[in-house]
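[1] Predicted model follows, preceded by the sequence.
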Amino acid sequence: IDLLAAHWLRLLNKCLFSCRVYVEFYVDENTFKERLKLFFIKNQRSSLRIRIFNFCLKLLTCVLYIIRVMTDNPAQLRHTWELIFWVDRKVPVWAIQVSPKKMHVFFQGNIWEQIFQVSFLLEMLNTVPFIITIFWPPLRNLFIPVFLNCWLAKCALESMINDLHRAIQRTHSAMFNQVLILICTLLCLVFTGTCGIQHLERAGKKSLSLFNALYFCIVTFSTVGFGDVTPQIWPSQLLVVVMICVALVVLPLQFEELIYLWMERQKSGGNYSRHRAQTERHVVLCVSTLKIDLLMDFLNEFYAHPHTQDHYVVILCPCEVDVQVRRILQIPLWSQRVIYLQGSALKNQDLLRAKMDDAEACFILSSRNEADRMAADHQTILRAWAVKDFAPNCPLYVQILKPENKFHVKFADHVVCEEEFKYAMLALNCLCPATSTLITLLVHTSRGQEGQQSPEQWQRMYGRCSGNEVYHIRLGDSMFFREYNSKSFTYAAFHAHKKYGVCLIGVKREDDKSILLNPGPRHIMSASDTCYYINITKEENSAFILRQEEDQGKGRGHCDILNSPSGLPVHSIIASMGTVAMDFQNTSPTESGVKLAPPPENEQGSRRPSIAPVLELADSASLLPCDLLCDQSEDEAGQSDEDVTANDCEHVFFEDAKAYGFKNKLIIVSAETAGNGLYNFIVPLRAYYRPRRELNPIVLLLDNLPDDHFLEAISCFPMVYYMGGTIDNLDSLLQCGVLYADNLVVVDKESTMSAEEDYMADAKTIVNVQTMFRLFPSLSIITELTHPSNMRFMQFRAKDCYSLALSKLEKKERDKGSNLAFMFRLPFAAGRVFSISMLDTLLYQCFVKDYMIPIVRLLLGLDTTPGSGYLCAMHVCEADLWIHTYGRLFQKFCSSSSEIPIGVYRTESHASPEVSIYLYRQFQGSVIIEGLNDTREKGEESKVLTRSSSSSDQLEHPLLRKKSMHWTRRLSRRSVKRCDSSLSSIHQRLGVLRRSEREELTELVRNRMQHLGLHTAGYKDVTNLTASDVMNRVNLGYLQDELNDQQNSISYVLINPAPDTLLQLNDVVYVSHPS
C-alpha cells in the first residue's frame, strides 16, 4: 500500500510540473551585439579600461609620427609636390604604426552608430590607408596625417574622465573638467598647426624643423607675431589661415563655457577640500538666508576666542550670496577663513561638499524674519534631522523659535529656544530692571575697553564692567578658589571677591551634571568641583600681583594685604568687627521696599556700623531661612489655595482695570497672539518664591483672542487677565489700565517681520511705543525689537545734544571693532529695549563654553535644579547707605542671607543737556551764580551741575556723599529752587515749547476717558507732576526729561563692580538668592 501511494504521488507531481512554463529574462542581452555593448559601453569599469587603452593608443600614434618626422630624409624625393604626398617611412616605424590600427579596428565594435560623427571620419582617415598598405607595399611611404589623432585622444580623455567619475562614484568639479578640456584644445591646436606647417614647408626652398614650427605657432596664436619665422609656400600659408579661423571659433566657445562655470562656482561656492577637512578644523553654519548682521555677529563672536582662530567656517545656504555678504567675504580677514557654499542641508551631496562628517560642529539657525515662524521651525527641524542622519558624530547647535518644537531636536547637543529666553527676560525686566541688558552683556565677548576714552565717568565704569563674562575652572587647579577647599560656598564667594575681585556664582560636582547657582553655605567646596565665576578675563590669562595699601592710622607705611594676619584689606577688617546679632534687626518690609537695616548705635552715637564676618562652615544656628528678606506673615494669614479652589469663582463684568481695585501696579503685555511664549512670561512672575502680597496683576492685551487651551493653561495662575485690543488704540490702552500700570511690555509682532525692507520690520512697533511715550511719559515701557540697530530710534529726540553725542560715541566704538557698540544707547543701557537677535551669541559661545545655556536658563528661571538659587533684586534706599561700598554690601549679604551679589543697576540724575550747556558757558564766562551762601546749598548746586561723581572723588571728599543725600531728600520734597533770575528764564524758554503739546495730549486722554465712562480722578496731568513723582520713577531707569525740563536720568548696569565702588541712592543690586 505504501509503495502504491508513493507511485501515485510521483505521477501527480509529474503532471503538475509538466504544466509549468519557465520564463527567461533579459534574453536580448545574450546576443553578440548586446554583449559587446555591455562590455564596451554599459559596464563602467570595463568601459573605463577600454577608453584608457584607446587614449594610450592615440598618444602612441602621435609619438610615432614625431619619430617618423625626425627620421625622415626628404632628399630622396626630387619633385616639389612629391614632398607633400610622399614621405620616407622606415619599415620598423611602419610596422609599429600598423599594429595599433589592427587592434583599434578589433576593439571598435559596431561602427555604424558613429558613422556621422567627426571622430569617425578622423578614424577612417588615419586607419584605412594603413590597412591598405598591408596589401599594397608601394603605398607604405604615402603621407597620412597621423597627427590628427591628437583630437581623437582629446575625445578619449573626455570620455575617460566621465567613466572615471561613474566608476569611483565621485563627482569632481565641473570647473576642473572644463579647464582640462580647454588645455587639451589649446594643445591640439598647437600640435596640429606645428605638424601641418612643418610637413607642408618640406616642399619649400627651406624646410622648417618641428621646433621652429612650434615656435611659429606659439608666436602666432599669442598674437605677438615677431615675423622671424614665416611660411614660404601657399599651402602652408593656407593652413595657417584655416587654423586661425578654427581657433577663433573653438576657443571663444571654450572660454565662454569656462566663464559661465566660474560665475556659477562663485554663486555656489564650490567644494570644501577633503584634504583641508582632514588636516584643518572647520565648523559649518546652516542658514536659510544669510544677512550681513547675522554673519558679522557669528564671525565676531566665534573668532573672539583664542583657540578658534585656526578654525574655518563653511557657510551652507540655499540662497545666492548677496552683494553685501560677498563684499564682506572678500575682506582679507575673512576671505582666508570663511567659505560660502550654496546648497541645501537636506541634500547629501551638499553636505558632502561641506565635509559635514569631518566638521567640529554644525550651527543651524532659524530665519526669524519669516512671517510664519512655525514654518521656519519646521525647516530647521528637517535640517537638524538631515545633518544628524548624515553625520551622527557631528555636534549640533540648533536655534529654534517656538518652544513647542523643542522636543523635535532634543537629540542636539545645545538648543536655544528664542521665545523662551525672550519672554523670560521680558518678565524679569519687570521685577529686576535691565535683566535683558545684564544677560546680553554677559553673553557677549568683550575686553571691557568700550567707552574708556569718554569724558563721562558713567560710560567708563559701564564700559569697563561690560567686559565681565562667565568662566569656569576646576577648584583644585585654581589660584582663585583652591585655598577655599573644604569651606562653604558662601565663604569662598565672599573672600574670592574681596581678594581677587571675582564673583563666584555657581558650582558643579564631579559626579553630578547639574550646575548649581549659589547652592548656599550648606555646600562644602571640594577640589574636584567646577567653579563658575564672573570676571573680566579667565584665570589662565590673569597675572597675580601683590597689592599694597597704606595704613595711616597705625603709621606702618605699606603692608601686603595678602600677607596680613587676617588676609583682609583694612576696610574689610574694620567691617568684620562686631557680632552676628547686629545684622537684620528688622527684616519686615517697609513702604519703600526691602532695607538692609543698620545696627543700633551706642549712646554717644560714635560707633561705626559693622557687619558680621562670613563663616567658613555653615552653622545651623546661624543659618537664616531663604525668605529672609520677605515677610510671610501676610501669606500665612491669607486664604490658602485649598480655600480658594473650594469656593465657586463667579465671573465679574468689569469694563476697566480700575474696577478690580488692585493693590499693586499692573504689568501689561501687548502681543499679537497667545501662545506658549506668553506662558513662559507668566511663569517667572508667578514663581513659588514670589510672595503673594508682592504679585503684580498681569493683563494680556492681545490682537487675537486666545483659545480655550491657552486659557486652561493659565487658569492656575492668580491675577492674570486678558482682553482684546492693540497698543495703537488709545481706548484699548485706557481700558486695560495703562494709567495704573508699572510696566508695559511690547512684544514684536510676527506679522510685521515680513517687510519688504528687512529693517522696516520694527517700524510699527517703534512708532507705537513713541506714541505711548508721548501720551503716558510716566509709564515704563519695555520693548522687544527684531533688529538691534533700530534701538537708536527708541525715545528718539532729534534735537537732544546728549543723544547726538552718544550716537557719535557708538560710531567710534564700531569703528574700533567693538561687538557692543550699541551698549551706550540710553534705552538699552536702562533695559527699556532689547533685541532677541543679540542672544544669538549665546549659541555661538557654547562652542567654547558649553555651560553658558544652563547658567543663563538658571538666571532667567527657565530651569529649576534642586539646590540651585535664583535671580532677584534689592533696592538700596536711604537707610541702607550706611553700608557705604559694594564690598561691604557683598559681605552683608553673604554673612546674613547667603546671597551673592552679581551687579548693580544704577540710576543717576543730571540736568537736561540744554541747561548743562548753558551753565557751562556761564561758568566759562566767569558769571558766578550767587545766592548760595551756606555749604549745604553749594553742595546741592554742584550736584546739579555734575552728571556723576567718580568713586575716587567721593573718597577724597567725605562730605560729598552726605551733601548728595541732603540734596536727594530736598528733591523728594519739592522741586529744586533756582536762585538766579537768568537761570529761571532759560528754563521757561526751554519748557514753553513743550507745555502746549503736553496740555493738548493731556486733554486728549481725559476726553477719551470721559467718552469711555472711565473715572478721571486718578489721572494726573503730566504738567503738574512734582519732583517727588520723578524720583519715584528714577529707579525704573526711564528718561524723565519729558516730565520735567530740569530733570533727567541715566540708568546702566555694572556687572561685578570693584569692591570699593560706592553705593548710591536708588541702586538696584542683582543678587543670586540661595534655594
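    Yep, it's here.

[2] Let me see the ranges of the strands in the stretch 401-550 of the chain.
    414-417, 469-474, 503-508, 516-517, 530-535, 548-551 (DSSP state E, counting those that start in this stretch).

[3] What pairs with the lengthiest strand in the chain, parallel or antiparallel?
    Taking DSSP state E as the criterion, the chain has its longest strand at strand 900-910. Paired neighbours of strand 900-910 in the sheet (DSSP bridges): strand 1048-1055 (antiparallel), strand 1068-1073 (antiparallel).

[4] Compare those strands and say which comes out lowest on pLDDT.
    Lowest mean pLDDT of the strands paired with strand 900-910: strand 1048-1055, a mean of 87.

[5] low-confidence ranges in the stretch 51-200 of the chain?
    Within the stretch 51-200 of the chain, the stretches with pLDDT under 70 are 74-80, 99-116, 163-174.

[6] what ranges do the helices span in it?
    82-85, 91-108, 118-135, 149-168, 174-200 (DSSP state H, counting those that start in this stretch).

[7] And whichever helix or strand comes after the last one, what does it pack against?
    Where DSSP states H and E defines the elements, the next helix or strand beyond helix 174-200 is helix 210-221. On a contact count with 3 or more Cβ pairs under 8 Å, 6 or more residues apart in numbering; DSSP states H and E, helix 210-221 meets helix 44-70, helix 174-200, helix 234-268. All C-beta atoms are positioned from the backbone trio N, CA, C, and that covers glycine.

[8] Can I get those helices in a markdown table including mean neighbour count?
    Listed next are the helices and strands packed on helix 210-221 as a markdown table, based on neighbours: other Cβ atoms under 10 Å:
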| stretch | mean neighbour count |
| --- | --- |
| helix 44-70 | 17 |
| helix 174-200 | 18 |
| helix 234-268 | 14 |
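
[9] Out of those helices, the one nearest residue 873 is which?
    helix 234-268 (52.0 Å; Cβ to Cβ).

[10] and that closest one, average pLDDT?
    What helix 234-268 shows for mean pLDDT is 82.

[11] between it and helix 174-200, how big is the angle?
    170 degrees (axes from the mean of the first three to the mean of the last three Cα atoms, to 10 degrees).

[12] just checking, next helix/strand downstream of helix 234-268?
    helix 274-279.

[13] quick one: least confident helix or strand in this protein?
    The helix or strand of the chain with the poorest confidence is helix 570-576; it has a mean of 33 (mean pLDDT, DSSP states H and E).

[14] Ok, which of the strands of the stretch 401-550 of the chain comes nearest residue 614?
    For residue 614, the closest of the strands of the stretch 401-550 of the chain is strand 503-508, at 12.4 Å, according to Cβ to Cβ.

[15] Which pLDDT value does the model give the residue most central in space within the chain?
    Of all residues in the chain, the one closest to the mean position by Cα atoms, centre = their mean is residue 840, 3.5 Å from it. Looking at residue 840, its pLDDT is 86.

[16] what's the burial count for the spatially closest residue to it that is not a sequence neighbour?
    Among residues not flanking residue 840 along the chain, residue 297 sits closest, at 5.7 Å (Cβ to Cβ, 6 or more residues apart in numbering). The number of residues packed near residue 297 is 19, by other Cβ atoms under 10 Å.

[17] Around residue 699, how many other residues sit close by?
    25.

[18] typo on my end, residue 803
    By the criterion of other Cβ under 10 Å, residue 803 has 17 neighbours.

[19] And for the one 5 residues further on?
    For residue 808, the tally of surrounding residues (other Cβ under 10 Å) stands at 9.

[20] Then residue 866?
    When neighbours are counted by other Cβ under 10 Å, residue 866 registers 8.

[21] ok, it to residue 908 distance?
    Residue 866 sits at a distance of 40 Å from residue 908 (criterion: Cβ to Cβ, to the nearest Å).

[22] Same check on residue 463?
    Distance, residue 463 to residue 908, using Cβ to Cβ: 15 Å.

[23] and the gap between the residue nearest to residue 840 and residue 444?
    Noted for residue 297: a distance of 9 Å to residue 444, by Cβ to Cβ.

[24] which residues are in contact with both of those two?
    Residues touching both residue 297 and residue 444 (Cβ atoms under 8 Å, 6 or more residues apart in numbering) are 819, 841.

[25] want to try a markdown table for the helices of the stretch 51-200 of the chain, with distance to residue 360 as columns?
    Converted to a markdown table, the helices of the stretch 51-200 of the chain look like this (distance: least, Cβ to Cβ, whole Å):
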| stretch | distance to residue 360 |
| --- | --- |
| helix 82-85 | 68 |
| helix 91-108 | 51 |
| helix 118-135 | 49 |
| helix 149-168 | 28 |
| helix 174-200 | 27 |
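
[26] out of those, nearest to residue 306?
    helix 174-200 (35.9 Å).

[27] rewinding a little: okay, residue 463 and residue 908: which has more neighbours?
    Legend: neighbour count by other Cβ under 10 Å for residue 463 and residue 908, higher for residue 463 (25 against 20).

[28] returning to that earlier point: quickly, which of the strands of the stretch 401-550 of the chain bottoms out on average pLDDT?
    Note on the strands of the stretch 401-550 of the chain: lowest mean pLDDT is at strand 548-551, with a mean of 44.

[29] Quick check: nearest residue in space to residue 258, chain neighbours excluded?
    Distance criterion Cβ to Cβ, 6+ apart; nearest residue to residue 258, sequence neighbours excluded, is residue 178 at 5.0 Å.

[30] Spell out which helix or strand contains residue 744, please.
    Counting by DSSP H and E, residue 744 is part of strand 741-746.

[31] what helices or strands is the next helix or strand after that strand leaning on?
    Downstream of strand 741-746, the first helix or strand assigned by DSSP H and E is helix 763-775. Counting contacts by 3+ Cβ pairs under 8 Å, 6+ apart, helix 763-775 is packed against helix 730-735, strand 741-746, strand 780-785, helix 981-1011.

[32] so how far is residue 1002 from residue 774?
    Using Cβ to Cβ, residue 774 is found at 11 Å from residue 1002.

[33] Among these two, which residue is more densely surrounded?
    residue 1002 (17 against 13).

[34] distance of the more buried one from residue 665?
    Counting by Cβ to Cβ, the gap from residue 1002 to residue 665 is 21 Å.

[35] Residue 708 too?
    From residue 708 across to residue 665, the span is 29 Å (Cβ to Cβ).

[36] just residue 413 next, same as before
    Taken as Cβ to Cβ, the span from residue 413 to residue 665 is 42 Å.

[37] Dump stretch 241-255 to CSV, restricted to CA.
    Output of stretch 241-255 as CSV, limited to C-alpha atoms (Å, rounded to 0.1, in the frame of the first residue of the first chain):
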residue,chain,number,x,y,z
VAL,A,241,44.6,80.8,-42.2
VAL,A,242,42.4,77.8,-41.6
MET,A,243,44.0,77.2,-38.1
ILE,A,244,43.4,80.8,-37.1
CYS,A,245,39.7,80.6,-38.2
VAL,A,246,39.3,77.4,-36.2
ALA,A,247,40.9,78.9,-33.2
LEU,A,248,38.6,82.0,-33.5
VAL,A,249,35.6,79.6,-33.4
VAL,A,250,36.6,77.0,-30.9
LEU,A,251,38.4,79.0,-28.3
PRO,A,252,35.7,81.6,-27.6
LEU,A,253,33.2,78.8,-27.1
GLN,A,254,35.5,77.1,-24.6
PHE,A,255,36.2,80.3,-22.8
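
[38] how far out from the middle of the chain is it?
    Distance of stretch 241-255 from the chain centroid (Cα atoms, centre = their mean, to the nearest Å) equals 52 Å.

[39] and if you look at stretch 333-353?
    Relative to its chain's centre, stretch 333-353 lies at 18 Å (Cα atoms, centre = their mean).
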